[in-house]
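Peer 1: take this sequence and fold it.
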Amino acid sequence: MQLVEIGMIACWALCAAGLAAYAASVAREITYVTLADGRKTERRLPLLVRLLLPLVPNLRRFAAGRHFASARAQADQMIVSGGLEGLLTGTEFVALKFLMPIVCGIAWTAFVFVLSGLLPDSFISDNRVLLACMGVLLFYAYPLMWLRGTVKQRHFAIMRALPFVLDLLTLSVEAGMDFMSALQRNCERRKLDPLNEELIRMTREIQVGTPRRTALKNMSERVRQPDLRSVVHALVQADELGVPIGSILRIQSEQLRSRRFERAEKLASEAPVKMLGPLMLCIFPAVFIILLGPILMEASKNVF
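Peer 2: Numbering: from 1, shown residues only. Got it, this is the predicted structure:
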């Protein structure tokens with residue numbers, strides 16, 4: 001029996017070592033997306049997503065069903081908005097949403113039940129079924145939470161860079177350059193950020209024959225960021241009405257800066273309310289312990 005137990009332990013150890021080596025090799029891999037001008041930029045998917053991507057073809061036919069058409073369309077839009085186009089598709093994302101709770105949920109459930117066996121009289125053993133179900137639900141929601149967070153970060157980066165880019169375009173256009181030349185020079189001189197990537201793609205579409213209005217609208221539909229959408233709408237209207245682009249760019253830049261100032265004021269007004277929770281949970285108890293701790297210790301010495 002001892003030999004059997006030793007053999008089982010050795011097999012489990014080899015399996016764990018193999019899984020750890022596979023996870024380490026996947027974690028070291030670097031994934032890239034190709035931009036419109038041929039350059040490649042790094043994009044990192046979460047480790048869990050990269051570990052499960054080789055298993056996605058097993059659920060591809062299920063995820064490609066007509067019942068998930070709206071989920072696939074929404075995922076495709078969010079993937080494009082998040083700058084992950086070429087690394088992931090909507091069908092793969094839907095398959096991941098079902099694959100992750102199956103694989104990771106089984107592993108989490110096994111871990112919870114093993115831990116409850118090791119700790120029989122504990123909170124884990126008393127609520128192991130609830131903890132297992134919560135883990136499965138969390139793994140089901142994780143892909144969508146990650147993708148929404150990625151889109152939100154990209155939108156925030158675009159929102160921060162947009163007023164500065166509009167200022168540069170305004171100066172260039174008012175100095176005598178046409179809009180496309182100013183846009184190309186801005187793309188060449190600035191560092192590669194989410195806004196610059198979208199502008200590069202838009203300029204390449206115009207260079208291959210797409211009308212400027214259509215390219216601007218395509219960029220707005222890809223990104224779906226409110227500030228960028230308002231700028232694109234103003235530029236399209238200026239192009240249709242023949243209004244000078246320089247004045248439109250200056251007005252849009254001033255409006256974006258005023259919106260940023262209003263958002264900063266809103267966050268500043270919300271800060272005291274958000275600080276109230278940590279203040280009540282952490283700072284007040286710490287002050288209470290520091291002030292009354294020595295008094296309570298002296299009182300306990302006198303009592304005992």
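Peer 1: contacts and neighbour counts: CA atoms only from here.
Peer 2: Noted.
Peer 1: quick check: which element contains residue 33?
Peer 2: For residue 33, the element it lies in under DSSP states H and E is strand 31-34.
Peer 1: ok, then the element right after that strand?
Peer 2: Defined by DSSP H and E, the subsequent element after strand 31-34 is strand 40-43.
Peer 1: for residue 89, what are its contacts?
Peer 2: 75, 76, 79 (CA atoms under 8 Å, 6 or more residues apart in numbering).
Peer 1: same question, residue 82
Peer 2: Residue 82 neighbours (CA under 8 Å, 6+ apart): 147, 150, 151, 152, 154, 223.
Peer 1: pull up the gap between the closest residue to residue 141 other than its chain neighbours and residue 57, please.
Peer 2: Nearest residue to residue 141 in three dimensions, chain neighbours excluded: residue 97, at 7.4 Å (CA to CA, 6 or more residues apart in numbering). Distance of residue 97 to residue 57, given as CA to CA, to the nearest Å: 13 Å.
Peer 1: which of these two has more neighbours?
Peer 2: Using other CA atoms under 10 Å as the criterion, residue 97 and residue 57 rank with residue 97 on top: 19 against 14.
Peer 1: so who does that one touch?
Peer 2: 140, 141, 143, 144.
Peer 1: ok, so of these, who is nearest residue 209?
Peer 2: For these, the residue nearest residue 209 by CA to CA is residue 144; the value is 36.1 Å.
Peer 1: ok, residue 197 touching residue 34?
Peer 2: No - contact between residue 197 and residue 34 fails when scored by CA atoms under 8 Å: they sit 10.2 Å apart.
Peer 1: neighbour count: those two, which is higher?
Peer 2: Neighbour comparison, residue 197 and residue 34: the larger count goes to residue 197, with 17 against 13 (by other CA under 10 Å).
Peer 1: what is the neighbour count of the residue lying closest to residue 167 once chain neighbours are set aside?
Peer 2: Leaving aside its sequence neighbours, residue 167 sits nearest to residue 253 (CA to CA, 6+ apart; 6.5 Å). Around residue 253 sit 20 other residues, with neighbours defined as other CA under 10 Å.
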